[in-house]
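# prediction below, plus the sequence it came from.
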Amino acid sequence: GAGVSQSPSNKVTEKGKDVELRCDPISGHTALYWYRQSLGQGLEFLIYFQGNSAPDKSGLPSDRFSAERTGGSVSTLTIQRTQQEDSAVYLCASSLVLAYNEQFFGPGTRLTVL
Amino acid sequence: GENVEQHPSTLSVQEGDSAVIKCTYSDSASNYFPWYKQELGKRPQLIIDIRSNVGEKKDQRIAVTLNKTAKHFSLHITETQPEDSAVYFCAAPSGTYKYIFGTGTRLKVLA
């Protein structure tokens, strides 16, 4: 079946512009995660959604970052007034509702802020 | 909350030798520890995981050991091959669904 997909694969934007990154999780996966991976760095947790529960936003680095998940499926990560330090690969992952399950990652969106 | 430290950050081994990567965690309540492999330009993929009711799990050339008392777990790769070259990440749960990842180990297997 189809895996996790993300769009766009690459995004180049100018400092100060807003960007939207999209994630389509695997069908039936109720848990959805966003991570940020800077060049040569680890996976920085940003936010997760679990079913209809309130999302855990504890990893969002500033109020310029927000995310939503519509209908328990597709998720959008929005970065407002982008800064150069926002340049990174943004990875989305999904997993089954049960805890301690494998996370399936998407291919990521490479964001470059000029 | 959970804090995960991973060592070493880079590791070079000769083909056929073994590689060991170690992670320590802080939350004694954590009971699930996955390892992900990320090849260059690709997405991370789960290669092995362990739950706290066992001390070791093996899958062919890959094994993971867990020491709950010392709060550390390790990835062991035996008979390394060039295709093992990648970045490896450990992770530990913070709460039920959130995971904290280590900073990664770049493994290079020299032919």
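Nice, thanks for sending it over.

# tell me how many other residues surround residue A:76.
14 (other C-beta atoms under 10 Å in any protein chain shown). No exception for glycine: its C-beta is placed from N, CA and C like everyone else's.

# right, and it touches residue A:24 too?
No - between residue A:76 and residue A:24 there is no contact under C-beta atoms under 8 Å: 10.5 Å.

# pLDDT below threshold where in chain A?
A:1, A:97-99 (pLDDT under 70).

# now with 80, please.
A:1, A:40-41, A:72, A:97-100 (pLDDT under 80).

# then chain B?
B:1, B:96-97.

# how many neighbours does residue A:31 have?
By the measure other C-beta under 10 Å, the count of residues near residue A:31 is 22.

# how close does it sit to residue A:47?
According to C-beta to C-beta, to the nearest Å, residue A:31 stands 12 Å off from residue A:47.

# where do the strands sit along the chain?
Chain wasn't specified; assuming chain A. Taking DSSP state E to define them, one finds strands in chain A at A:5-7, A:10-13, A:19-24, A:31-37, A:44-50, A:65-69, A:75-79, A:88-95, A:104-105, A:109-113.

# switch to chain B, that's the one I care about
Shown for chain B, the strands assigned by DSSP E span residues B:4-7, B:10-14, B:19-25, B:32-38, B:45-51, B:56-59, B:62-67, B:72-77, B:86-94, B:98-101, B:105-110.

# any residue of the longest one touching chain A?
When you say that, I think you mean strand B:86-94. Yes - counting by C-beta under 8 Å from any C-beta of the partner chain, chain A is contacted by strand B:86-94 at B:89, B:91, B:93.

# from the middle of its chain, how far away would that strand be?
6 Å (C-alpha atoms, centre = their mean, to the nearest Å).

# what lines up beside that strand in the sheet?
strand B:32-38 (antiparallel), strand B:98-101 (antiparallel), strand B:105-110 (antiparallel) (DSSP bridges).

# which bits of chain A sit near chain B?
Going by C-beta under 8 Å from any C-beta, the residues of chain A near chain B are A:31, A:33, A:35, A:41-45, A:48, A:50, A:56, A:58, A:91, A:99-100, A:102-103, A:105-108.
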